[in-house]
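J.: my questions are about this predicted structure, shown below with the sequence.
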Amino acid sequence: MHFLPLLLLVAGSATVAGAARRTPVPAPLLLVAAGLAVSYLPGVPHYELDPEIVLPLILPPLLYTAAGDSSYLDLRAQLRPVALLSVGYVLFATLTVGWAAYLIVPGMPLTAALVLGAVIAPPDAVAATAVARRVGLPSRITTILQGESLVNDATAITAYRVALAATIGEGASWSGGTVDFLVAAVGGVLVGLLLMVPIHWLRTRLKEALLQNTLSLLIPFVAYGLAEWVHASGVLAVVVVGLYLGYRNWQVDFATRLQEEAVWKMVAFLLESAVFALIGLQLPVVLEGLGEYEGVRASWYAVAVFLVVVASRFVWVYPATFLPRMLSPRIREREDNPTWKGPFVIAWAGMRGVVSLAIAFSIPLTVNGGDPFPERNLILFLTFTTVIGTLVIQGLTLPPLIRVLKLPGRDQQVETLAEANAQAQASRAAEARLDELLANESNELPPPLVDRLHTVLERRRNAVWERLGAVNPVTGESVDDTYSRLSREMIGAEREVFVKLRDGRYIDDEMLRTLLRRLDLEEAAVYREASS
């Protein structure tokens with residue numbers, strides 16, 4: 001891909017994603033629609049997904065950010081449903097969709113049909129988390145979907161490799177495939193376990209935020225590349241490292257955390273935007289190679305495969321939810337009894353994405369002996385239509401579905417009370433530590449500065465409680481909101497004076513940058529407290 005088309009892709013997708021924030025439509029859906037529309041315009045270059053770029057260069061950072069934002073403790077608490085979906089469902093979908101495609105498409109070999117099944121088996125990590133964040137799913141369902149999307153790519157890629165080897169005549173067997181899957185999974189986890197502690201140690205020893213964030217940008221690629229080099233699962237290696245570093249992120253200094261959060265938000269935003277736009281832009285590439293299947297027949301195959309993909313998830317999710325409870329008294333005692341609504345949403349949220357397309361484009365053109373890969377172009381088309389269908393149909397209907405089902409969302413009142421109690425305990429510890437330090441003569445401070453320390457601590461403690469209390473009848477603000485607004489106004493007035501002094505040559509630009517940075521840090525503190 002040349003520089004100008006790449007620049008236009010990134011700039012255009014970022015623009016559409018930014019515009020999506022002002023609409024009720026989730027950004028992934030708008031980006032896919034924009035990509036489809038632009039693909040019809042004359043003069044638009046063909047953006048063909050290159051698996052050598054998507055899998056090693058785009059997938060690792062997206063997985064790393066998703067893992068870092070996930071909760072290790074929540075995932076551990078939901079380990080059974082996550083494992084049943086990320087491993088069990090992917091294998092079930094591979095076999096079900098593959099067998100259905102074998103029956104639906106005349107002349108398609110079973111091995112090629114299983115390649116198709118493996119390609120479109122895994123729901124997409126980016127699509128699931130993006131829509132889940134937007135529609136406000138209950139925390140347990142969000143955790144399950146995030147956990148599934150972190151691991152299922154490894155299962156699908158391994159299943160794809162086994163089916164591909166059988167198709168091209170390398171003599172792969174399902175027993176051998178099971179061994180390969182276990183080796184890849186265990187190897188990926190081991191690579192992650194071996195890397196996570198040394199990387200965290202290095203992160204805590206580097207004293208410059210710039211160096212720490214440079215390391216942070218390299219971590220997912222190092223983990224993925226090393227795991228793939230030893231023929232293990234790079235996906236699992238990245239997930240393990242990301243979960244561990246996210247769990248231990250509090251041990252890194254504050255400057256690194258602030259900078260790292262901004263850097264990774266930008267990286268994830270650009271990559272996610274470009275990825276979904278790329279999905280829509282694949283239409284000309286896919287249609288060009290369809291050949292003999294153009295027309296009604298190809299559309300029928302696409303609808304049939306899409307329906308099988310959607311139905312197979314329901315067939316798996318409900319037994320996977322209720323059978324363990326029926327078979328295990330321990331599960332019944334430990335967990336609340338689920339209703340039919342939660343599994344329904346989980347089943348309907350199985351949107352496919354860029355990983356499926358990237359794997360499909362990695363299918364070789366020929367098999368051993370130089371013969372064309374059986375039904376390769378049709379597999380690409382069916383993958384494309386399934387991805388588009390799940391993103392558009394399921395993505396658009398998921399928000400109203402949640403409203404109709406009236407699933408209980410996150411209880412803001414309960415969460416705010418928990419936050420306030422946590423802040424109160426932390427404040428008591430901070431006050432005790434301050435009194436202990438001030439008792440030492442070497443830490444003596446003038447009374448106004450001591451009062452300032454106490455005032456800052458008291459405001460931080462009261463800010464959360466004020467969100468539960470009354471608001472200003474005139475402005476609609478809480479006391480803390482008013483404080484934050486006035487603080488920002490004061491900082492703005494100071495900033496204008498500094499600029500005027502620079503323009504009048506009373507101070508130089510270097511001093512201006514120093515003074516502005518000080519104000520920026522104070523404003524950032526005010527903003528973070530107001531938005532927490």
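T.: Yep, that arrived.

J.: in what helix or strand does residue 382 lie?
T.: Element membership for residue 382, per DSSP states H and E: helix 376-389.

J.: next secondary structure after that helix?
T.: helix 395-405.

J.: to what extent is residue 487 buried, counted in neighbours?
T.: 17 (other Cβ atoms under 10 Å). Yep, even glycine has a C-beta here, placed from its N, CA and C like the rest.

J.: not counting its neighbours along the chain, what's nearest it?
T.: residue 526 (4.7 Å; Cβ to Cβ, 6 or more residues apart in numbering).

J.: any idea how far the helix or strand hosting residue 317 is from the chain center?
T.: Element membership of residue 317, judged by DSSP H and E, is helix 296-327. Relative to the chain's own centre, helix 296-327 is displaced by 24 Å; criterion: Cα atoms, centre = their mean, to the nearest Å.

J.: in that helix, what counts as buried?
T.: Using 16 or more other Cβ atoms under 10 Å as the test for burial, helix 296-327 gives 298, 301-302, 304-306, 308-310, 312-313, 315-317, 320-321, 324.

J.: circling back to that earlier point, check contacts around the residue nearest to residue 487.
T.: 484, 487, 488, 491 (Cβ atoms under 8 Å, 6 or more residues apart in numbering).

J.: per-residue pLDDT, it?
T.: Looking at residue 526, its pLDDT stands at 70.

J.: please identify the buried residues of stretch 215-231?
T.: 215, 216, 219, 220, 221, 222, 223, 224, 226, 227, 228.

J.: again, but for stretch 232-245
T.: Buried residues in stretch 232-245, defined by neighbour count with 16+ other Cβ under 10 Å: 232-245.

J.: do stretch 78-88 as well
T.: Residues 78, 81, 82, 84, 85, 86, 87 are the ones in stretch 78-88 that count as buried (16+ other Cβ under 10 Å).

J.: isn't the first one up against residue 145?
T.: No: contact between residue 78 and residue 145 fails when scored by Cβ atoms under 8 Å: they sit 10.1 Å apart.

J.: out of the contacts of residue 526, who's the most crowded?
T.: That'd be residue 484 among the contacts of residue 526, by other Cβ under 10 Å, with 20 neighbours.

J.: quick check: which ranges of the stretch 51-200 of the chain have low pLDDT?
T.: Counting by pLDDT under 70, the stretch 51-200 of the chain contains low-confidence ranges at 125-136, 169-177.

J.: how about 90 then?
T.: 51-59, 62-63, 66-77, 106-107, 111, 123-143, 145-147, 149-185 (pLDDT under 90).

J.: check the stretch 351-500 of the chain too.
T.: 351, 353-377, 380, 391-392, 394-495.

J.: okay, angle between the helix holding residue 317 and helix 376-389 too, please.
T.: 60 degrees (axes from the mean of the first three to the mean of the last three Cα atoms, to 10 degrees).

J.: how far away from the center of its chain is the next helix or strand after helix 296-327?
T.: As assigned by DSSP H and E, the chain's next helix or strand after helix 296-327 is helix 329-334. How far helix 329-334 lies from its chain's middle: 31 Å, per Cα atoms, centre = their mean.

J.: what do you get for stretch 192-212?
T.: Distance, centroid of stretch 192-212 to centroid of chain: 22 Å (Cα atoms, centre = their mean).

J.: how far away is the residue most central in space within the chain from residue 59?
T.: Most central in the chain under Cα atoms, centre = their mean is residue 66, positioned 3.6 Å from the mean C-alpha point. Distance of residue 66 to residue 59, computed by Cβ to Cβ, to the nearest Å: 10 Å.

J.: how about TSV for the buried residues of stretch 215-231, with secondary structure added?
T.: Shown next, in TSV, are these (DSSP: H, G, I helix; E, B strand; the rest coil):
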residue	secondary structure
215	helix
216	helix
219	helix
220	helix
221	helix
222	helix
223	helix
224	helix
226	helix
227	helix
228	helix
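
J.: which one of these is nearest to residue 268?
T.: residue 220 (11.3 Å; Cβ to Cβ).

J.: what about the residue nearest to residue 461 when sequence neighbours are not counted, neighbour count?
T.: Spatial nearest neighbour of residue 461, chain neighbours left out: residue 427 (4.1 Å); criterion: Cβ to Cβ, 6+ apart. For residue 427, the neighbour count with other Cβ under 10 Å is 15.

J.: hang on, residue 427 in a helix?
T.: Yes: under three-state DSSP, residue 427 falls within a helix.

J.: re earlier: average pLDDT across the helix holding residue 317?
T.: For helix 296-327, the mean confidence score works out to 92.

J.: I'd say residue 65 and residue 268 touch.
T.: Yes: using Cβ under 8 Å, residue 65 makes contact with residue 268 at a distance of 4.6 Å.

J.: ok, those two, which is more surrounded?
T.: Neighbour count, other Cβ under 10 Å: between residue 65 and residue 268, residue 65 has more, with 23 against 20.

J.: which SS class is that one?
T.: Assignment for residue 65 (three-state DSSP): helix.

J.: now the residue nearest to residue 487: how far from residue 25?
T.: Residue 526 is 33 Å from residue 25, by Cβ to Cβ.

J.: and what of residue 290?
T.: Taken as Cβ to Cβ, the span from residue 290 to residue 25 is 29 Å.

J.: and residue 385, by the same measure?
T.: For residue 385, the distance to residue 25 - Cβ to Cβ - is 21 Å.

J.: give me the more crowded residue out of these two.
T.: residue 385 (20 against 16).

J.: just checking, the residue nearest to residue 461 touches residue 456?
T.: No: using Cβ under 8 Å, residue 427 makes no contact with residue 456, being 10.5 Å away.

J.: for the stretch 351-500 of the chain, which segments count as helices?
T.: Using DSSP state H, counting those that start in this stretch, the helices of the stretch 351-500 of the chain run over 354-361, 376-389, 395-405, 412-438, 447-466, 479-503.

J.: distance between the third one and the chain's centre?
T.: The chain centroid and the centroid of helix 395-405 are separated by 20 Å under Cα atoms, centre = their mean.

J.: can I get it in PDB? Just the C-alpha atoms.
T.: Once non-C-alpha atoms are left out, helix 395-405 reads as follows in PDB (Å, rounded to 0.1, in the frame of the first residue of the first chain):
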ATOM      1  CA  GLY A 395     -24.500  -4.300  15.800                       C
ATOM      2  CA  LEU A 396     -27.500  -2.100  14.900                       C
ATOM      3  CA  THR A 397     -30.100  -4.200  16.800                       C
ATOM      4  CA  LEU A 398     -28.100  -4.800  20.000                       C
ATOM      5  CA  PRO A 399     -28.800  -1.400  21.600                       C
ATOM      6  CA  PRO A 400     -32.600  -1.600  21.100                       C
ATOM      7  CA  LEU A 401     -32.500  -5.300  22.100                       C
ATOM      8  CA  ILE A 402     -30.900  -4.400  25.500                       C
ATOM      9  CA  ARG A 403     -33.600  -1.700  26.000                       C
ATOM     10  CA  VAL A 404     -36.400  -4.100  25.200                       C
ATOM     11  CA  LEU A 405     -35.000  -6.800  27.500                       C
END
